[in-house]
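# My questions concern the predicted model and sequence given below.
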Amino acid sequence: MSTITIKRPETSEPVAKLDKKALSADHPTWCPGCGDFAVLASFFKVVQNLGIPHEQICTIAGIGCSSRFPYFVNGHGVHYIHGRAIPLATGVSLSRPDLNIFVFGGDGDGFSIGGNHLEHAARKNLNLTYVIMDNFVYGLTKKQTSPTSPVGFKSKTDPWGAQDEPVNPMRKLVASGATFVARTHAAQINHMSEMFERAIKHPGFSVVEVLSECVVFFKGSFDAANPRKGGEFPLIPEKQWDESPDDWKAHDTTDLSKAIKLAEDPWPGKFGVFYEVERTTKNDNEHALIADAQAKVGNASSQEILAKRFARMR
Amino acid sequence: MSTITIKRPETSEPVAKLDKKALSADHPTWCPGCGDFAVLASFFKVVQNLGIPHEQICTIAGIGCSSRFPYFVNGHGVHYIHGRAIPLATGVSLSRPDLNIFVFGGDGDGFSIGGNHLEHAARKNLNLTYVIMDNFVYGLTKKQTSPTSPVGFKSKTDPWGAQDEPVNPMRKLVASGATFVARTHAAQINHMSEMFERAIKHPGFSVVEVLSECVVFFKGSFDAANPRKGGEFPLIPEKQWDESPDDWKAHDTTDLSKAIKLAEDPWPGKFGVFYEVERTTKNDNEHALIADAQAKVGNASSQEILAKRFARMR
Amino acid sequence: MVDDAVIRIAGNSQDGIQTIGGLLARLAGRTDQDVITYMTIPSTISGGPSIFQVRIGSGEILSPGDQADFLVAFYEHSFKSHIGFLREGGICLYDSDEVTPDTSDKRFTFVPVPLTSATVEAVGGTAKDRGKNMFALGLLCSVFDLDRPRLVEIISRQFGGKDESILRNALLAFDAGYAYPLGDILDLAFQLKPAVASGKNRVATDGNTAMALGLIAGGVRHGAGYPITPWSPIMEQLRVELPQYGGMFIQAEDELAAISIALGFSYSGHLAITGSAGPGLSLKMEALSWATMAEIPLIVINVQRGGPSTGLPTSVEQSDLMQAIYGSHGDCPRVVLAPKDVEDCFYIAIEAARIARKYSVPVIILSDQALSSRIEAFTEPDLAKVMVDPVLDLSPAPEDYKPYPLTGETRHAPPGTRMSGGSYPVVTGLEHDEMGHPTSNPDLHMKMTARRRNKLRRLEAELPTPEIYGDAQGEILLVGWGSTYGPIREAVSQLREKGLKLAAIHLRHLHPMAPGLEKVFDRYDHIFVIEMNDEGVYGQGQLATLLRSRFCNPKIRSICKTDGLTFKIREIISGIDDFIAVTA
Amino acid sequence: MVDDAVIRIAGNSQDGIQTIGGLLARLAGRTDQDVITYMTIPSTISGGPSIFQVRIGSGEILSPGDQADFLVAFYEHSFKSHIGFLREGGICLYDSDEVTPDTSDKRFTFVPVPLTSATVEAVGGTAKDRGKNMFALGLLCSVFDLDRPRLVEIISRQFGGKDESILRNALLAFDAGYAYPLGDILDLAFQLKPAVASGKNRVATDGNTAMALGLIAGGVRHGAGYPITPWSPIMEQLRVELPQYGGMFIQAEDELAAISIALGFSYSGHLAITGSAGPGLSLKMEALSWATMAEIPLIVINVQRGGPSTGLPTSVEQSDLMQAIYGSHGDCPRVVLAPKDVEDCFYIAIEAARIARKYSVPVIILSDQALSSRIEAFTEPDLAKVMVDPVLDLSPAPEDYKPYPLTGETRHAPPGTRMSGGSYPVVTGLEHDEMGHPTSNPDLHMKMTARRRNKLRRLEAELPTPEIYGDAQGEILLVGWGSTYGPIREAVSQLREKGLKLAAIHLRHLHPMAPGLEKVFDRYDHIFVIEMNDEGVYGQGQLATLLRSRFCNPKIRSICKTDGLTFKIREIISGIDDFIAVTA
Ligand SMILES: Cc1ncc(C[n+]2csc(CCOP(=O)(O)OP(=O)(O)O)c2C)c(N)n1
Ligand SMILES: Cc1ncc(C[n+]2csc(CCOP(=O)(O)OP(=O)(O)O)c2C)c(N)n1
Ligand code: SF4
Ligand code: SF4
Ligand SMILES: [Mg+2]
Ligand SMILES: [Mg+2]
C-alpha cells in the first residue's frame, strides 16, 4: 500500500516515568510572581499523572510572555509567530496522530491577532488542547490594551482607561464550536490541573482559559476570584444525570445556549467546565478520506498509482 | 481650535430625490438568476426610501462575486482586498461621521478570511451596516467549500461532500457582540428591504445575513426557505412588550443567549431580527476622546500645541 | 504538407471550445506531435467571449504562435475580434448561421459552414449548444487530416464516464462535422507532416496538473492552501489525489493559516506544499520568514498573474520575482525556481522537493497563469527514475544532536523522536544557537545569518550552468526565465535564419542562480533579458536588475512588457530592434 | 578641557539607569551641547543587565562612541562585562558595596564609591533601589562639572508631577552624590569645553518621539497600528497626542486590520499613518499593494530590528530595505525614505507626508531600533515654517473628473464629494481605466503600470543630489543610509585626519534615489556602501545591490555587518582595510 514509510526504533525500551526534573528545560524568563509559573507547574503535574511518553509531548506557541512556554518544557516544541500557533498545530495534529499536542498562548495571541484561526480550528474540531493564559493585557510588549482588558483599564494605548467592550472569552469559545471549554485560575492549582487533565483527555478541540495574573502590568487583576486575596472562586455545578435531588439545578455542559448564558455572569463569573460534547474530529474525517482512497487503489504502490494517472493523459 | 479644516460647498442646492436610475452604475456582471441581483434591487429601494443624499453613500467590499457590489451602485465606493473590507470601513466610519457606510460581501470574505475583523468591529460596535450575501459556496473562484457550506455539499475541494461543521452565522454574529443581527432571504424582497432599513437605522454595528443563491455552483440551495419553491419562510415573532396575550411567547431580541438558542433551529431556521440592543459605539468613544483633549488645549492652534510639546523637551 | 499549424477557435466559453482544444492537444500527444495551447478566460463567471488556440506540429512547438493559419468563428463578435489575428492567406471558417463576413476581402479564404443548424440537424434541437464544438472538431479533423480513430477513442474516453447519451450526441456531432462537404478548401489546407515516432508514450496536460503530479513524484504528501485564481486547480487536484498516497491537503480559512498548517506538516517530518497567487503570497511573507529562520523545509507555489493588488486575475505576468527573493523582512534567504514549460512544471516540482529536503529551506516555485492553463504534449516521465517515496524518520537522535551546527547541514528531529541526550528541541523564529536556544549574542547572530545564507551558496555550487541554445558566441544573447522559454527560442531560430549570430539561455534557478553566467555573458556583444514585467524606475526588469547587480555588466539590458499577454516572437524581435537593428 | 566624553553606566534596568541617561541628554540639549545616547534592553520583562551610554560634547556628536572614557559599574557583572569597553587611561567608578575589582590593573583609574550604602544613608532604607541612579547622577554632575542648577530644574520637571516625596528623595540622592568627596579624581577628569551658544532653543528626545511629532507637523492626524517592539512608542504617543489636534489613532486587532483602517482614513481624505517592525510589515504587504494600485496615499513606518522572523526584537538591523521596495506582489512602485539621525526622524516624516500627498502614493519610512530609542539634542524646529495644517477637501468634483488621468497627477474625490457629472467613483485594486473602472484591456494595463511607476520618476527628478561630506574627489567614497550616518561621518573625519582623501554621501531617499549619483561616484576610486545587513548570496548588502544594478559600476562594494549592534568607527575603518590598506 502507498502509505508513508515510518522509520522508528524497533523495540522501545521501558521508559522511566517523567518527573518534574525531566520535564523542566530552561528556567522561565517570566517576572517573579507571574501567574504563568503556576500554569507550567500544573502542566508538569498533569503530564506526569497521565504518563505521556517524553517524545510524544509537543508544545506549540505563538508570541507573548505566555507563548515562551515551550522553552520551559523539556519536550518537542515550537515557538512560532504571533497569532498562528493554532494552524501550525493543525498540521501537526492531522499528520501525527501519535503525538499529544498542546498549544499555549496569551489573550492577545489568541483573541486578537489569532482570533480567526481559533474559531475555524474549533468548528472543525481539531484534536488538540489549547490553554489561553489570559492576563487581560499585552505583557511582552509592555502594557497595551488587550482584547480582554476590562473597560477602564489604564494601558499605554488607553491611558484614560480602555473603552472598547472586551471579548467575552467563554462566549467566544463556546460559540466557536469548540467541544470542550473550561475556565480556571492560575492561583487555584488543583482546579487548574483538573481542568487540564479533562481537556487533554477530551477527544477533539479542548480549550481552557486560565486567568493568569501579570504582576507587572496588571497587578491584582484576578484578586476578585482569589479567596486568598479576599475574593471568591465560584465553581460551576455540573449536572451528573444521576437523579440526585439538586441535579436539575446544575449546569448541563452539553447545552450550548446555557453555556453562553453562564458566560454572561458578572465579573468574576464562574469557573469549571462550561461546555463539553463529543463530535467527529477533523482528524477522523481526514483519516477516513485516506482510508477510502487507499481502499480504492488497493495494493498499488505510489509509483503504480501515479503511472495510472499519467496513462489517463496519453 | 485645532480641528481639521473641511472645505465644503457653502450652499447645498436642493437635491433631486434619487431614483433607481440615478443609483445604478455598471450593469452587474453576475450570472443571470444570481440571488445578488435582488439584494442590489432591495438596497436601491431602501436608499431611495431613506432619502440618503447621493454623495453620502459609501459602499465598501472585499473580493468575491458579491463583493463586486460597489461597481453596481452609483455612489462612492471601494473594492478592497479579500476579507478586509470591515477594517477599511472602520477608518471611514470613524473619521467621517457625515457618511452612510455599507459593507457588502460574501460568506468566504466575511466568515473565512475576514472572520476576525468582523468580530472585533462588532464588539467595538463600529457604526456601519454590513450585509453578508451568503451563498454557502465560493462563487468567484468557482465552487470550493465555504465556511457555510453544509455537510455533504460537493465542491471542487470536497468532491465527496463537505465534512467540516459549518459556521453558524447567526450564532457567530450574535456572539461577536454586534448590536443588530438579522437574517433574510434574497427571494423575499419585502422582508429583505425591511431588514436593511432597520439595520441602516440602527446606531452601531448592524449586520444582515442574506441567503442569496448561487445559481451556477449551488442551485436550489435555499429552496427550503422559499415558499415559491415549496419551502417555508418562518418569521421570528418579536416581543412587542405590549402585554398582548401571546407576547410572552415571542422572541426577546435583547436576550443574547435566547438569540443564540434561536440560531440552533434546524435548517432552514427562522428569519428576522435575532438580536438588537443599543450600546455606546466606538465612534462615540473616539469622538469623546477628541472632545476631551480639545477642551484641555482650549483655543490653541495646532502649531501652538506642538510648540508646547517641544518646549517640554528643552 | 506543413510543419505546424495554428488554429484559433473563437466563440463563447459556454460553447465548450476549451473542450475541443483539450481533445486536440491530447490527440497531438498520442501521435508524437508537439502541441501548445492557449486560451482566454471570460471576465464574468457566467461566461462570455473566449478563445482556444492550438498549435500542432511535427517539429518542436515552443509557443502558441503569433498569428493563426486557421480561424473558426462562432459569432459575429468572434469574427470581428479575431480576423485580425489570421495571417494573410489563412482560412476563416465561420458559422454562416451567425456571421456575415465581408467576403470581398481577398487576403483570406472564407469558408461558410452552418455550424448551428448543421449541429441541430445532426444531434437534435435541445443539445445544440453542447454539440457545436464537437461538430467543429469533426470539421477540423477532416481539414487537417487528423488521426480520426485515435480522436474518436479520446472522445470516448472523455465522455465515456457520464450518461451514455452524452457520448452518443458528441459522436453524432463529431461525425456530422467530419462528413460535412467542404469542397476545395481541402486542397488549400495543410496536411501536417507525420511526426517521427519517438517510440515513447506521450502525454498531454496543463501546467497546473503537471505541477501537482510533480509534487507527488517528488514525495510530497501533505499540503494546505486557500482558493485563488489561477492557483486553485493545483490545490483541488492535490486534495483529491494525496489521500491515495496516504497524505492530505487541507483547505484553510486563509493564506496565513494555509502556510502555517503546511509548516506544521513539515515540522512534523512531512515535507509540505502551500501555494497561491500574488495576493496570497503577500500574506505568506511573515510565516515564510519563520521557515527560513527555523530552517523548516517547505515548497511554496506562486502561479503568477497580473499585479499589483487584485490586478488582472486572469492575465499572465512575471512580476513576483523580486518578492519571491526579497519579500519577507530581514535577511531571509530562500530558494526560487521557475519552470520553463508545462513538462518542466513536473520536473521543477521534483527539484524543489529535493532542494527543500537537502538544505532544509523554503523553496518558491514561480509558475504563471499562461503556463498553468495551457496544454502541452510531452514524453511520459520515467517514474521509476524520478519517483521519491517519502520516509518519516523517527529514529532516536544521538546524544550529540545539534539541529543547527555552525558547519554542516541542518538536522531536524521531528516530534516523536526520542532524544538520547535527554534534551528535547524547540524550533523558533528567534535567533538561536546551534542547539536552537534563543540568543541575542551578536556573534551568533552574525554566524547564523551567514549559515542560513551559505546554504544557498552551497546549492549554487552544485548547479550546472544552463545550456546555450544557438551560437556559442555572437552578437546577442537573450536571457529568459519561466514561461517565456518557447517564444525566446523561436525568436532565436528566426533571427538565426536571417543570418544573425545569437543565442538564448534560460534560468530555471533564480535564487541562487547557476554559476558560470559571467563567462557566457562575455561571449556576446549584447545581452537582453526578456521578461513579462515592468522596467521599473531605472529602466530594468526584475531579473535584469538582479543580473546587473551581480555582474555589474552594463551590456545587460531589458526587454519588458506588461500587457498581460504572453510574448509574441515579433515582440521580442522588435524589442531587440529598439536597441540594435536586426530587422532591416 | 575636552571636546567630548563617553560615559557608560552599567547596572540593571530596574535601577533606573535609563532615567539618568535621559536627564543627562536633556541637560546637554539645554546647554547647547551635542549628545547621543545608546542603551540596551534586557531580554526579560522583569529586567536584567542593562547599560546606558551617553556621549556629550561641544562639537558635533555623531555616534555614541567606540569606547568609554568613564565607566560607572553598579555590580560585579556590570564591571566584568564592561571594563573592556573602557579606554586605556579611563576612569572606572564602581559601587564598592557590590564590586571588588582587581585594582592592580594599571590601565585604568579605579574610583570606589559605596553607591548602595551612601544612597541608603541619604534617602533611607526603603527607597534605595530607586535612589542609586540619582546618587550616581550627582556624582557625574560633580565629575564633569555639569550645569547643576539646570540639571536640578530638569529633575524637578521629570519627577514633579508625581507624589511629592518622590521628587524629594530624588533630590536628596542627587545632592548626596554631588557632595560625595571624590578627592583627586576631579583633576584626572574632564571638564567639557563650553559649547558655543547657538542662540536657538535646543531640544533632546528619541527617534520615535521625533518621528511622531514630525507626523503631526506634516499634517497627519489619523493612524492605526498594532503593538510591536520597537514601534509601539510611536503608536502610543500618537494615540495620546492626535485627539488634541482633532485626529485619532486606533489600536487594531492585528497589522492587517491596522493598515486597512489607515487606508480607510486616507481614502476618506485624511492622509494616514500605520507602522510596525519587520513581522508586522510582512503582514502589510498585500494591503500596501492595494494602496499602490488604487493610488491612495499612506505613510508606513518600519522601525527595523534584527530579522528574519521574530529574530532579535531589541537589536538593530537594516535588513528590510529590499522588502520596503519589493515586498509586495506585482510591479508595485512605492516611495522609501530613511532618516539619518533623531532630528531627521522629525523632518523625514514631514517629507513623507509631502510626497504621499503630492503623488498619491504609499511612502515607507525605514527607521531602526537604535534610532528609535537613542536620545539626541538638536535645534528646536521652526514650526511656523514646517507645519502643515490638513484640509479635508469636499468641494464638488467637476464634470470632467478623472481620478487617474494617463497624463497628470491622481485626483481623488473623497467620499462626501458631490460629483457634478453625476457619476460617482469606485476605487479598486483591480486594474482600471482613467475613470477607475476595472478593465483587463492589455493596452491599459501597460499604460497604467507605467503611470504608477512614472510618479516615482517625477519625484526623482525633483530630488537634490545629496551633499558630499569630505573631499570633493579622492580615493574613497562611503555611501550610507539610515542611522549609520553618524559613525560614517566620524570615520571620514578620522581618516581625513590621517591624510586620506575621502568623503561620504548619505541617502535619505532610497526609492527612488536622488539623481546625479553616478557623477559623484565617478570622482572616487573606491565606493563602499556601509550597511547593517547581510552580504547576501553574491557578496553585496541591500543598498549596494540596488546601486550596482542601477549603475553597473563594479567599484561599488559592500561593507556589511549583522551582529545587531550599531557600527563602530573602527569597524568601518577595518572594513575598508579589508579592501585597501588605510591603516598602516
Ligand atoms: C506580527 C506581530 N505583531 C506584533 C508582535 C508583537 N507582540 C509580541 S507578543 C504580543 C502580544 C502579547 O500579548 P499576549 O498574547 O496577551 O501575551 P502576554 O505577553 O500577555 O502573555 C505582541 C503584540 C509580534 N511579535 N508579531
Ligand atoms: C488574499 C486573497 N485570497 C484569495 C483570493 C481569491 N478569492 C477571491 S473571492 C474568494 C472567495 C469568494 O467567496 P465569497 O466571499 O463567498 O463570495 P462569492 O463569490 O461567493 O459571492 C476568494 C477565495 C483573493 N482574491 N485574495
Ligand atoms: S510582564 Fe507580566 S505576563 Fe509577562 S512575565 Fe512579567 S508578569 Fe508575566
Ligand atoms: S457564480 Fe454564483 S454567486 Fe457568482 S455571479 Fe454567478 S450565480 Fe452569482
Ligand atoms: Mg496577555
Ligand atoms: Mg459565497
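Yep, it's here. Numbering: from 1, shown residues only, chains lettered A, B, ... in the order given. Ligands and ions are numbered 1, 2, ... in the order given.

# can you map out the helices along the stretch 401-550 of chain C?
Ranges of helices in the stretch 401-550 of chain C, per DSSP state H, counting those that start in this stretch, are C:442-462, C:485-497, C:517-522, C:542-551.

# deepest of those, which one?
helix C:542-551 (a mean of 24; mean count of other CB atoms under 10 Å in any protein chain shown). For glycine as for every other residue, the C-beta is placed from the backbone atoms N, C-alpha and C.

# is chain D contacted by the next helix or strand after it?
For helix C:542-551, the succeeding helix or strand toward the C-terminus, using DSSP states H and E, is strand C:556-560. Yes: applying CB under 8 Å from any CB of the partner chain, one finds that strand C:556-560 is in contact with chain D at C:I556.

# ok, residues contacting the helix or strand following strand C:556-560?
Per DSSP H and E, the first helix or strand lying C-terminal to strand C:556-560 is helix C:569-577. Helix C:569-577 has contacts (CB atoms under 8 Å, 6 or more residues apart in numbering or on different chains) with C:63, C:66, C:476, C:478, C:487-488, C:490-491, C:494-495, C:526, C:528, C:530, C:559, C:561, C:582-583.

# what do you get if the cut-off is 7 Å, keeping everything else the same?
C:63, C:66, C:476, C:487-488, C:490-491, C:494-495, C:528, C:530, C:559, C:561, C:582-583 (CB atoms under 7 Å, 6 or more residues apart in numbering or on different chains).

# tally of neighbours for residue 156?
Using chain A here. Using other CB atoms under 10 Å in any protein chain shown, A:K156 has 22 neighbouring residues.

# ah, no, chain C please
By the criterion of other CB under 10 Å, C:S156 has 12 neighbours.

# quick one on the thing from earlier: ligand 6 is nearest to which of the helices of the stretch 401-550 of chain C?
Among the helices of the stretch 401-550 of chain C, the nearest to ligand 6 by CB to the ion is helix C:542-551 (34.9 Å).

# Next, the angle from the closest one to strand D:556-560.
80 degrees (axes from the mean of the first three to the mean of the last three CA atoms, to 10 degrees).

# one step back: between the contacts of helix C:569-577, which is nearest chain B?
Chain B has its nearest neighbour among the contacts of helix C:569-577 in C:K561, at 26.0 Å by CB to the nearest CB.

# for chain A, what spans make up the strands?
Per DSSP state E, chain A carries strands over the ranges A:5-7, A:57-61, A:76-79, A:100-106, A:128-134, A:137-138, A:144-145, A:180-185, A:205-211, A:272-276.

# okay if I get the ones you listed as JSON lines plus mean neighbour count and distance to chain B?
Shown next, in JSON lines, are these (neighbours: other CB atoms under 10 Å in any protein chain shown; distance: least, CB to the nearest CB, whole Å):
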{"stretch": "strand A:5-7", "mean neighbour count": "11", "distance to chain B": "25"}
{"stretch": "strand A:57-61", "mean neighbour count": "28", "distance to chain B": "19"}
{"stretch": "strand A:76-79", "mean neighbour count": "27", "distance to chain B": "22"}
{"stretch": "strand A:100-106", "mean neighbour count": "28", "distance to chain B": "15"}
{"stretch": "strand A:128-134", "mean neighbour count": "28", "distance to chain B": "15"}
{"stretch": "strand A:137-138", "mean neighbour count": "29", "distance to chain B": "15"}
{"stretch": "strand A:144-145", "mean neighbour count": "26", "distance to chain B": "11"}
{"stretch": "strand A:180-185", "mean neighbour count": "28", "distance to chain B": "12"}
{"stretch": "strand A:205-211", "mean neighbour count": "27", "distance to chain B": "11"}
{"stretch": "strand A:272-276", "mean neighbour count": "24", "distance to chain B": "12"}
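
# nearest to ligand 4, of the ones you listed?
strand A:205-211 (31.0 Å; CB to the nearest ligand atom).

# between that closest one and strand A:272-276, how many degrees?
Using the same axes, to 10 degrees: strand A:205-211 against strand A:272-276 is 160 degrees.

# if we can go back for a sec, could you single out the nearest of the contacts of helix C:569-577 to ligand 1?
Nearest to ligand 1 among the contacts of helix C:569-577, with distances taken as CB to the nearest ligand atom, is C:K561, at 36.7 Å.

# Next up, the contacts around the closest residue to the closest one other than its chain neighbours.
Leaving aside its chain neighbours, C:K561 sits nearest to C:M532 (5.9 Å; criterion: CB to CB, 6 or more residues apart in numbering or on different chains). Under the criterion of CB under 7 Å, 6+ apart, the neighbours of C:M532 are C:V316, C:E317, C:Q318, C:T484, C:K561, C:F567.

# Isn't the fourth one up against C:F528?
No: in this structure, C:T484 is not within contact of C:F528 by CB atoms under 7 Å, at 11.5 Å.

# Compare neighbour counts for these two and give me the winner.
More crowded of C:T484 and C:F528, by other CB under 10 Å: C:T484, with 30 against 25.

# before we move on, back to that, same list, the strands of chain A, but as CSV with distance to ligand 3 and mean pLDDT please.
CSV is the format used below for the strands of chain A (distance: least, CB to the nearest ligand atom, whole Å; pLDDT from 0 to 100):
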stretch, distance to ligand 3, mean pLDDT
strand A:5-7, 39, 91
strand A:57-61, 13, 98
strand A:76-79, 15, 98
strand A:100-106, 8, 98
strand A:128-134, 8, 98
strand A:137-138, 7, 98
strand A:144-145, 12, 98
strand A:180-185, 15, 98
strand A:205-211, 12, 98
strand A:272-276, 24, 98
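
# Any idea which of those strands gets closest to ligand 5?
Of all these, strand A:100-106 comes closest under CB to the ion, at 3.6 Å.

# Let me know the next secondary structure element after that closest one.
Remark: after strand A:100-106, the chain's next helix or strand is helix A:107, criterion DSSP H and E.

# what pLDDT, on average, does that following helix get?
On average, the pLDDT along helix A:107 is 98.

# Say whether chain D is contacted by it.
No: judged by CB under 7 Å from any CB of the partner chain, helix A:107 and chain D are separated, with a smallest distance of 11.8 Å.
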